[in-house]
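Asker: Just to be clear, the model below is a prediction. Sequence and coordinates:
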Amino acid sequence: MIEHEPEMKTLKRLQIRLTGRVQGVGFRPFVYRLANELNLTGSVINTGDGVTIDIQGSTELVDRFLESLNSQLPPHADIDRQNITELPTVARDVFGIEDSRGGISASATIIPDLATCPECLAEILDPASRRYHYPFTNCTHCGPRYSIIESVPYDRPRTTMKRFTMCNACRTEYDNPLDRRFHAQPNACPECGPHVELWSANGPVVAKHNDALLEACEAIQSGRIVALKGLGGFQLLVDARNDDAVTFLRYKKHRPSKPFALMYPDVEAVRSDCVMAEAEANALLSPAAPIVLLARTKAGYNAVAESVAPGNPYLGVMLPYTPVHHLIMRQLRFPIVATSGNLSEEPICVDEQEAVEQLGGIADFFLVHNRPIARPLDDSVVHVVKGAVAILRSARGYAPTTLPLDSSPPAILATGAHLKNTIAFISGAQVMVSQHIGDLSGPKSHTAMEAAIESAAHLYSVSFSRAACDLHPDYHSTHVARRLDKHFLSVQHHYAHVLACMLEHNLKPPVLGVSWDGTGLGTDGTIWGGEFLRVTTAGFERIAHLRAFPLPGGERAVVEPRRSALGLLYEIWGPNLGPVRDLSPLRQYSDDDLRVLLRMIEKGLNTHLTSSAGRLFDGLASLLGLAHVVTFEAEAAMLLQFAAETSQDRQTYEFALVGESRPAVLDWESMVRTVVDDIRKHTPLDTIAARCHNTLVEMIAAVADRSDTPEIVLTGGCFQNRLLLERTIERLQAGGKRVHWHRRIPTNDGGIAAGQAAAMIDKMQSES
């Protein structure tokens with residue numbers, strides 16, 4: 001502690017209670033240095049809900065302290081709330097940092113994991129540094145947070161670093177308020193911290209420490225697959241230039257065509273292969289270090305194997321974000337595939353023994369370490385929309401996402417959607433949205449979801465008394481809510497999408513929500529997905545929707561866009577499809593198979609009516625011959641988008657907005673008939689695809705123009721399509737509407753849980 005001369009002027013003493021991102025980001029050392037620079041006395045302490053400062057000095061200096069506190073925050077700090085109370089002055093002459101206080105509160109904000117900072121990277125690469133080539137170097141500006149924390153306040157005994165006792169040198173850094181490693185909870189060095197080992201596929205140790213890294217790099221260079229235990233789980237690494245190796249990884253991972261993420265050695269290498277604006281470069285280089293979707297340059301098509309992202313003009317790119325990644329990429333100097341360490345659609349592996357068991361048939365080697373992972377975290381995925389980052393998958397670097405509330409409701413759990421599941425819960429005066437959990441398609445993913453709920457309850461010391469879930473009765477997430485709360489709230493899927501975006505932007509009703517996605521059970525028992533919902537304080541009204549059409553085989557249509565095309569054609573031409581039998585999707589079927597499908601539609605056997613925009617995209621893609629059967633969600637719609645992006649055509653097809661009463665129906669029949677005519681005229685496919693997109697934008701504008709609601713929300717998985725989203729924004733703004741879209745919460749089903757939580761809050765407030 002630094003001593004001070006007694007202040008002879010009038011003293012002022014304040015207690016400042018702060019919540020937000022104020023733990024684990026060097027906030028207390030910042031406060032300590034600021035207070036001592038201003039010759040103030042008092043203390044700063046971590047509490048269960050944030051940080052409390054007791055500050056005393058002259059009125060002028062205390063006011064300067066307050067001003068600097070808010071204007072000179074550490075790089076990753078963020079204050080949500082600030083409560084100031086004036087206290088009686090006391091006699092004291094120092095400012096100190098106190099040990100963290102017990103009494104954990106549910107409103108503490110947990111910091112996401114942060115990418116390696118420039119200072120730590122310089123140490124790792126400096127032969128004179130005691131952390132030279134040390135793969136677990138970190139400080140208060142970087143390193144693991146959410147992936148290692150077990151409870152709050154964020155102190156080392158409450159993290160998975162508790163098993164590692166700091167050496168004297170590390171302890172000296174940790175105890176020095178002027179050192180950037182002051183109270184850096186994961187602080188370690190080669191003498192006292194975790195270490196890496198390279199294992200063969202059946203478990204024996206091949207090498208340790210730096211030799212393990214070097215041998216792993218040699219394996220990748222030779223076309224082998226290496227499973228790396230990273231920050232939040234395992235990644236599978238392979239040379240992205242080696243088509244045979246990437247194809248083999250696809251075969252072993254059961255992932256036929258979904259694009260793989262890439263890691264590049266540095267931003268200059270990315271720039272040579274991808275088109276990159278300033279906002280995209282900033283996202284890559286940010287402390288979150290997400291996967292960023294970037295359009296390829298011409299060189300980018302030849303820089304990596306075609307099997308990395310088949311038929312895709314975009315690459316999902318990230319930069320090294322941990323010391324291990326930096327050391328690997330500096331050794332390799334070429335792009336590698338860095339994909340989740342799991343079988344397709346299963347949870348990511350976090351434990352090395354589990355990884356050997358589950359990934360032993362895929363990986364040739366395992367590069368592991370002995371620091372436990374508290375919870376699984378995939379890599380986050382973002383793209384840039386209208387110059388700003390929009391999150392598509394929220395995980396490492398962003399999760400948990402904190403959204404402030406105006407009040408502090410009781411503990412509520414929202415169990416989210418079936419696909420791209422996240423959970424959300426009320427924690428004090430905020431909604432906390434978890435990391436991406438994944439599709440709830442099997443027992444392993446069910447276990448992962450329930451583990452995430454248990455982890456959240458333990459971490460925030462909350463007991464969930466109420467639960468909200470999707471309207472669909474058969475989802476696993478619904479079953480979980482039902483077990484927890486017999487009075488659980490079922491929230492219509494597309495309404496939850498809209499509420500999530502409203503929560504993110506702190507919007508109040510009335511709002512017109514355009515909620516477009518692939519599927520969601522409607523209140524009328526049909527499958528919705530092309531919805532226009534007017535949200536008021538009383539709930540929502542479905543004021544318009546896309547014209548419904550039949551889906552023979554129900555869920556089979558998700559992986560067979562040709563079934564969506566058949567449904568569209570049947571809706572127009574009925575059972576006599578002779579006039580369109582020559583079209584590409586119908587040529588996929590024999591006469592016998594087609595008769596069976598038509599009978600299913602006529603009898604309503606395993607056939608659902610849907611207003612889904614996602615299935616409309618699928619049907620159009622199949623009509624154009626772009627995709628009849630797909631291997632991952634939205635593959636057909638993506639191909640339609642990619643085709644449209646190559647055209648400059650801005651023409652539209654005709655459509656109708658039918659009905660003065662609500663809900664009105666957006667009738668796409670004229671569009672589809674003209675698409676069929678254009679196909680037969682051999683109009684370029686990219687032109688047709690562009691006109692379809694332009695028409696869908698005009699459909700949205702037609703409903704918005706009819707509405708008297710100036711606030712418009714664009715939400716749902718279809719708005720992952722950047723062409724559709726940006727053109728819709730431009731069109732609506734030109735019409736005088738105020739348009740909102742997702743940035744911090746995924747527009748896809750990863751945002752559903754936040755909307756369910758908002759619905760439960762509204763319900764509880766209406767009942768009180």
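Answerer: Arrived safely.

Asker: so where's this structure shaky on pLDDT?
Answerer: 1-9, 101-109 (pLDDT under 70).

Asker: quick check: domain ranges of the protein?
Answerer: By the assignment in automatic domain parsing, the chain contains the domains 2-97, 196-381, 384-504+751-767, 520-536+542-743.

Asker: Please identify the most buried of these.
Answerer: domain 384-504+751-767 (a mean of 22; mean count of other CB atoms under 10 Å). C-beta here means a position set from N, CA and C on the backbone, and glycine is covered the same way.

Asker: and that domain, how far out from the chain's middle?
Answerer: Its chain's average C-alpha position is 13 Å from that of domain 384-504+751-767, according to CA atoms, centre = their mean, to the nearest Å.

Asker: With stretch 326-335 instead?
Answerer: Using CA atoms, centre = their mean, the offset of stretch 326-335 from its chain centre is 26 Å.

Asker: which outside residues touch that stretch?
Answerer: Stretch 326-335 is contacted from outside by 116, 121, 124-125, 133, 135, 213-214, 216-217, 220-221, 228, 237, 239-241, 262-266, 269, 273, 303-304, 320, 336, using CB atoms under 8 Å, 6 or more residues apart in numbering.

Asker: Check stretch 463-470 too.
Answerer: With contact meaning CB under 8 Å, 6+ apart, stretch 463-470 is reached by 410-418, 425, 453, 457, 475, 477-478, 480-482, 484-485, 487-491, 493, 496, 520-521, 752, 756-757, 759-760, 764.

Asker: Likewise for stretch 631-649?
Answerer: 255-258, 311-313, 419, 518, 558-559, 561, 614, 617-618, 620-622, 624, 626-627, 630, 684-687, 689-694, 717-718, 720-724.

Asker: what about that stretch, how long is it end to end?
Answerer: With CA to CA, to the nearest Å as the measure, stretch 631-649 spans 30 Å from end to end.

Asker: same thing with stretch 649-659?
Answerer: So stretch 649-659: terminal residues 30 Å apart, CA to CA.

Asker: Then stretch 296-307?
Answerer: Start-to-end span of stretch 296-307 (CA to CA) is 15 Å.

Asker: chain center to that stretch: distance?
Answerer: The answer for stretch 296-307 is 26 Å, by CA atoms, centre = their mean.

Asker: Can you give the contact residues for that stretch?
Answerer: Contacts for stretch 296-307 (CB under 8 Å, 6+ apart): 240-243, 246-247, 250, 262, 272-275, 313-315, 335.

Asker: tell me the SS of the residue nearest to residue 340 when sequence neighbours are not counted?
Answerer: In space, and not counting its chain neighbours, residue 340 is closest to residue 348: 4.9 Å by CB to CB, 6 or more residues apart in numbering. Classification of residue 348 by DSSP: H, G, I helix; E, B strand; the rest coil places it in coil.

Asker: dump the residue contacts of residue 348.
Answerer: Residue 348 neighbours (CB under 8 Å, 6+ apart): 232-234, 340-342, 376-378.

Asker: do you know how far it is from residue 245?
Answerer: 21 Å (CB to CB, to the nearest Å).

Asker: what do you get for residue 683?
Answerer: For residue 683, the distance to residue 245 - CB to CB - is 40 Å.
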